[in-house]
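> Here is the input, now give the coordinates:
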Amino acid sequence: MKFFSHSTLRTKLIVSYVAFVVPILAASGFFYYETARRSLEAELGERLVAVAQATATRFNPLIISSFEPGDEQGLTFQSYRKSLLMIRDRTNLKRLYVFDRGYRCLLDTEDGIPVGTQYARLHFQEREIQACIEGKPSASVLFQGEDGVYYKSGFAGLEDDSGKVVAFVGADASAGYLRLIAGLEKSILVFVLLGAAVTVALGFLLARTVSRPVSRLVSEAENIGHGRMNSPVEIGEAGTRELAFLAGALDRMRERLSQREENQRLMVAGVAHEVRNPLGGIELFASLARQEVKTGSECEQYLNRVIEEVGSLKTIVNHFLEFARPAPANPANLDLSQVIGQTADLLSRDAQAKGARITWSIPPEASGVRADGEQLSRVFLNLFTNALEALPQEEGRIEVTARKSSKGEVAIEVADNGSGMDEETVKKIFNPFFTTRDNGMGLGLAIVKKTLEENSGWIEVQSQAGRGTRFTVFLPATANVPDSQ
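Modelled structure (predicted):
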């Protein structure tokens, strides 16, 4: 059940289809087999009963019932036995015999069976013999002879003038049809196996017809989730009407999200421009005013503070503009170890000041990525800076590892043992202007996310309050995208 719950839609469809059809094929084959076997068995029983009835009409019941031990050499006995042998040969039976109510032999086509010999096996066929006494000739069930072959018997009664059954005729024949049934059984088994194979093939085609457009919808939904909303949602002509409707709804959602994001960026860019222009003037006049005041005076200190704050505001405005109008990526084949190392060096003093360590382990198979080098450095600088701010005062650590993902991308994990985040914060962490710091703008991780999307990558986060945070960056591997430079 666990396997089924984690399986893909295609696997579930194939398994469900096969699980429904194959038992029906098997049940149909079994029903056909049983019907054929019972029909042939019933036909053999009717034939044996008919032979037994016909044989009973050939003999005088009073004479045949009067045979006693020692009569085997008599002319009458010999004549009756000759007739019995002739009937057996013409009907191609295994054996014909006549016996009395005590199950003692009166006449038998088998050699060496004297009159009066007890037929022990007839005690197991008392129900059929009792039916003959009641005037209902009947056939026995299959039984296995001493030679290991299965046989069937038919019985009919010999009635005297008063209608009383004084003796019985038994007709035995081998169940040769069982050999036919065995061949039929193999044919049915082959039919079921071929049917199962055809069912699996049809199930695969059916599942492919349904799962392919669904997989495309899932892929398109992932693209929208990762912010890649430039291309319309399409599932091709293979999709059903319902899936086409769903694709249309998903595409309308993409358009609305794209338009809302574009409006947001335009608004941010407009505000940033409106703020940056007067900031330039303030900085210029503050610098000119500082030149006119006495060095070391209190007025100079105030003007220096104004210039510093204007610089901070310009940094904030630049972040706004970077978020609103991200620079296009210029991807190239990069050595991930070199990018991580250079970024870690930039923060080495900050890490030492906090007693923290930044370590990285990049295996050769995951060292090549395709991205814009400058943008990727800023991504990791932002992640490392956030991690440093969340680390404890002692024994803080940031660990960077890389691996190949199941889809062939390079997954870079940046993990820390800092304060972590609660579930609600994790959900909003990439939203623009969301921050948990008093002096934060809430654009750092939003820019990281957008930058990675511009480089055909994406980012995920896992965190628990008090147990640290793990960011995972996914980027195209160098082997997957050849260098165009």
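
> which residues of the chain fall in strands?
Assigned by DSSP state E, the chain shows strands spanning 95-99, 105-108, 138-139, 143-144, 150-159, 165-174, 332-335, 356-361, 368-371, 396-404, 410-416, 458-463, 469-475.

> now the first one against strand 165-174, angle please.
Taking axes from the mean of the first three to the mean of the last three Cα atoms, to 10 degrees, one finds strand 95-99 and strand 165-174 inclined to each other by 160 degrees.

> what lines up beside strand 95-99 in the sheet?
strand 105-108 (antiparallel), strand 165-174 (antiparallel) (DSSP bridges).

> Pipe those into TSV and attach mean pLDDT and mean neighbour count per row.
(Each C-beta comes from the backbone N, C-alpha and C, glycine too.) Listed next are those as TSV, based on pLDDT from 0 to 100; neighbours: other Cβ atoms under 10 Å:
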stretch	mean pLDDT	mean neighbour count
strand 105-108	94	22
strand 165-174	91	23
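
> Including distance to residue 428, could these go into CSV?
Below are those laid out as CSV (distance: least, Cβ to Cβ, whole Å):
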stretch, distance to residue 428
strand 105-108, 99
strand 165-174, 85
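
> quick one on the thing from earlier: so which of the strands of the chain gets nearest residue 51?
Nearest to residue 51 among the strands of the chain is strand 165-174 (4.7 Å), distances taken as Cβ to Cβ.

> and that closest one, how far out from the chain's middle?
62 Å (Cα atoms, centre = their mean, to the nearest Å).

> what's the burial count for residue 358?
23 (other Cβ atoms under 10 Å).

> Now do the contacts for it.
By Cβ atoms under 8 Å, 6 or more residues apart in numbering, the contact list for residue 358 reads 344, 347, 348, 351, 384, 397, 398, 400.

> now do 10 Å
340-341, 343-345, 347-348, 350-351, 384, 387-388, 396-400, 414, 416 (Cβ atoms under 10 Å, 6 or more residues apart in numbering).

> Among those residues, name the buried ones.
Using 16 or more other Cβ atoms under 10 Å as the burial test, these include 340, 343-344, 347, 351, 384, 387-388, 396-400, 414, 416 as buried.

> Residue ranges of each domain in the protein, please.
2-180, 262-324, 332-475 (automatic domain parsing).

> These: which one's closest to residue 245?
Going by Cβ to Cβ, the one of the domains of the chain nearest residue 245 is domain 2-180, 17.9 Å.

> Any idea how far that closest one is from the middle of the chain?
On Cα atoms, centre = their mean, the centre of domain 2-180 falls 53 Å from that of its chain.

> go on, stretch 190-198?
Centre to centre, stretch against its chain (Cα atoms, centre = their mean), the figure for stretch 190-198 is 22 Å.

> What residues sit buried inside that stretch?
192, 195.

> what's the answer for stretch 425-437, then?
426, 429, 430, 432, 434, 435.

> what's the pLDDT at the first one?
It stands for residue 426. Note for residue 426: predicted pLDDT of 86.

> thinking again about what came up before, and among the domains of the chain, the most buried is which?
Ranked by average neighbour count under the criterion mean count of other Cβ atoms under 10 Å, these are headed by domain 332-475 at a mean of 18.

> Return the set of buried residues in stretch 215-223.
216, 217, 220, 223.

> Now do the same for it: mean pLDDT, whole number.
Average pLDDT, stretch 215-223: 72.

> Kindly report the same for stretch 361-374.
89.

> End to end on it, go ahead and measure it.
In stretch 361-374, first residue to last residue: 21 Å (Cα to Cα, to the nearest Å).

> roughly how far out does that stretch sit from the chain middle?
With Cα atoms, centre = their mean as the basis, stretch 361-374 stands 34 Å off its chain's centre.

> List just the one of the strands paired with strand 95-99 that sits closest to residue 94.
Closest of those to residue 94 is strand 165-174, at 4.7 Å (criterion: Cβ to Cβ).

> Poorly predicted segments of the stretch 101-250 of the chain, please.
Within the stretch 101-250 of the chain, the ranges that satisfy pLDDT under 70 run 176-184, 207-211, 224-231, 234-240, 242-243.

> in it, which spans are helices?
126-133, 177-225, 241-292 (DSSP state H, counting those that start in this stretch).

> The stretch 351-485 of the chain too?
When secondary structure is read from DSSP H, counting those that start in this stretch, the stretch 351-485 of the chain shows helices at 373-390, 423-428, 444-454.

> can you list these in a markdown table and add distance to residue 77?
Output for the helices of the stretch 351-485 of the chain, formatted as a markdown table (distance: least, Cβ to Cβ, whole Å):
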| stretch | distance to residue 77 |
| --- | --- |
| helix 373-390 | 112 |
| helix 423-428 | 103 |
| helix 444-454 | 108 |
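
> nearest to residue 144, of the ones you listed?
Taking these one by one with Cβ to Cβ, helix 423-428 is closest: 73.0 Å.

> now for that closest one, which elements pack on it?
Helix 423-428 is packed against strand 458-463, with contacts defined by 3 or more Cβ pairs under 10 Å, 6 or more residues apart in numbering; DSSP states H and E.

> and the angle from the strand it packs on to helix 373-390?
Relative orientation of strand 458-463 and helix 373-390, computed by the same axes, to 10 degrees: 10 degrees.
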